[in-house]
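>>> The following block contains a protein sequence and its predicted model.
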Amino acid sequence: MSMLPMLLEAGGGDHLDIISLILNASPVVKGVMGLLIAMSVASWFVIGSKSLYLSNAVSRSMKFQDLFWKMGRLDDIWRATEKAPPSPVSEVFRAGYTELAKLQRRRQEQATDPAAAGEDLLGDIESIERALTRARTTAITEMESRVPLLGTTASAGPFIGLFGTVWGIMNSFRSIGAKGAANLATVAPGIAEALVATAIGLMAAIPAVMAYNYFSRRIRVIASEMETFSSDFLNIVRRRFF
C-alpha cells in the first residue's frame with residue numbers, strides 16, 4: 001500500500017501510461033513493437049481478404065455443383081461456367097472437360113488399330129485424371145496463399161514479444177546497477193515496457209492462430225469436395241465416353 005505514494009512522489013506515475021511507455025522505450029524494444037504491429041496488421045489483412053475469398057469459393061462451388069447435377073450435357077455445363085464466376089470445383093471441371101475435349105478431337109482425327117485401343121483407353125483416362133489433379137493442386141495452392149503468414153505470426157509473435165520482455169528487464173537491472181538503488185520507481189518503467197512488448201506479441205498471435213486453424217479447416221473441406229467431384233466426374237466420363 002505504501003509503494004504507490006512513493007512511486008507517484010518519484011514522478012514515475014506520470015510516465016506509466018501505454019503511449020508514454022511505447023514512446024520512451026529503448027530502440028530495441030521499439031523495433032520489436034514495430035515488427036509485432038506490422039505482423040498484426042498484415043495478419044488482419046490476410047484474415048479479411050481470405051475470409052471473403054473462401055466464403056465466395058464455398059458459395060460458388062455449391063452453386064456449381066447444383067448446376068452440374070441438374071444439367072445433363074457437359075458442353076452445356078461448360079458454357080454455363082464461362083458466364084459464372086470461377087470457383088475451385090468449377091475450375092476442376094473445366095480442366096477435366098478441356099482434357100476430355102482434346103482427347104475426343106484426337107481420337108476423331110487419328111484412327112487407331114484395335115490392338116492399341118485398350119492402351120489408348122487407359123492412357124486417355126489417366127490424362128483426364130492428371131488434369132483433374134493439377135487443377136485441384138492449383139486451387140489448393142491459391143486458397144493456401146498468404147495463410148502461412150498467419151502461422152508464422154502465431155508461432156513467432158509470442159517469442160518476439162518475449163525477446164522485448166527480456167530486453168526490458170535487462171534495462172531495468174542496468175538502471176538498478178547504475179543508480180545503486182532498487183526501488184519501484186527505478187524498475188517499474190522497464191518492467192512495464194517489457195510487459196507491453198509481451199502484450200503486443202500476444203495480441204498479434206492469438207487472432208492469427210485462431211484464423212489459421214479456421215482457414216485450414218475450411219480449405220480441407222473444399223479440397224475434399226474437389227476430390228469427391230473429381231471422382232464423380234471421372235466415373236461419368238468413363239461411362240459416357242469410354
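Received the coordinates, thanks.

>>> and the helix or strand hosting residue 214, how far out from the chain's middle?
Using DSSP states H and E, residue 214 sits within helix 184-241. Chain-centre distance of helix 184-241: 6 Å, with Cα atoms, centre = their mean, to the nearest Å.

>>> Output the contacting helices and strands for it.
Applying 3 or more Cβ pairs under 8 Å, 6 or more residues apart in numbering; DSSP states H and E, we find helix 184-241 packed against helix 3-9, helix 18-23, helix 27-70, helix 88-109, helix 117-144, helix 147-179. All C-beta atoms are positioned from the backbone trio N, CA, C, and that covers glycine.

>>> Tell me which of the ones you listed sits nearest to residue 235.
helix 117-144 (10.6 Å; Cβ to Cβ).

>>> What sits closest to the residue nearest the centre of the chain if chain neighbours are left out?
Nearest to the geometric centre of the chain sits residue 147, at 1.6 Å (Cα atoms, centre = their mean). Leaving aside its sequence neighbours, residue 147 sits nearest to residue 215 (Cβ to Cβ, 6 or more residues apart in numbering; 5.3 Å).

>>> That neighbour contacts residue 150, correct?
Yes. Counting by Cβ atoms under 8 Å, residue 215 touches residue 150, with 7.1 Å between them.

>>> Tell me which residues touch residue 100, please.
Contacts for residue 100 (Cβ atoms under 8 Å, 6 or more residues apart in numbering) come out as 74, 128, 237, 241.

>>> what's the pLDDT at it?
pLDDT recorded at residue 100 is 87.

>>> Please apply the same query to the one 5 residues further on.
Residue 105 is assigned a pLDDT of 78 by the prediction.

>>> That one: how many residues sit nearby?
10 (other Cβ atoms under 10 Å).

>>> likewise residue 27?
7.

>>> Any stretches of this structure with poor pLDDT?
Within the chain, the stretches with pLDDT under 70 are 1-18, 109-123, 178-190, 242.

>>> on that earlier part again, please identify which pair of the contacts of residue 100 lies farthest apart.
74 and 128 (12.0 Å).

>>> More neighbours: those two, which one.
residue 128 (25 against 19).

>>> Return the distance of the nearest residue to the more buried one once chain neighbours are set aside relative to residue 58.
Nearest residue to residue 128 in three dimensions, chain neighbours excluded: residue 99, at 5.0 Å (Cβ to Cβ, 6+ apart). Separation of residue 99 from residue 58 (Cβ to Cβ, to the nearest Å): 26 Å.

>>> Show me which of the two is the more surrounded one.
residue 99 (20 against 17).

>>> Tell me how many other residues crowd the closest residue to residue 29 other than its chain neighbours.
Among residues not flanking residue 29 along the chain, residue 164 sits closest, at 4.9 Å (Cβ to Cβ, 6+ apart). Using other Cβ under 10 Å, residue 164 has 28 neighbouring residues.

>>> what do you get for residue 71?
Counted with other Cβ under 10 Å, residue 71 comes out at 14.

>>> okay, residue 215 and residue 150: which has more neighbours?
Neighbour totals were compared for residue 215 and residue 150, and residue 150 leads with 27 against 22 (other Cβ under 10 Å).

>>> which residues touch the more buried one?
Residue 150 neighbours (Cβ under 8 Å, 6+ apart): 43, 46-47, 208-209, 211-212, 215.

>>> swap the cut-off to 6 Å and go again
43, 46, 208, 211-212 (Cβ atoms under 6 Å, 6 or more residues apart in numbering).

>>> Check residue 174 too.
So residue 174 contacts nothing (Cβ under 6 Å, 6+ apart).

>>> For the nearest residue to residue 35 once chain neighbours are set aside, give its distance to residue 140.
The shortest distance from residue 35 to any non-neighbouring residue, by Cβ to Cβ, 6+ apart, is to residue 160 (6.3 Å). As judged by Cβ to Cβ, residue 160 and residue 140 stand 30 Å apart.
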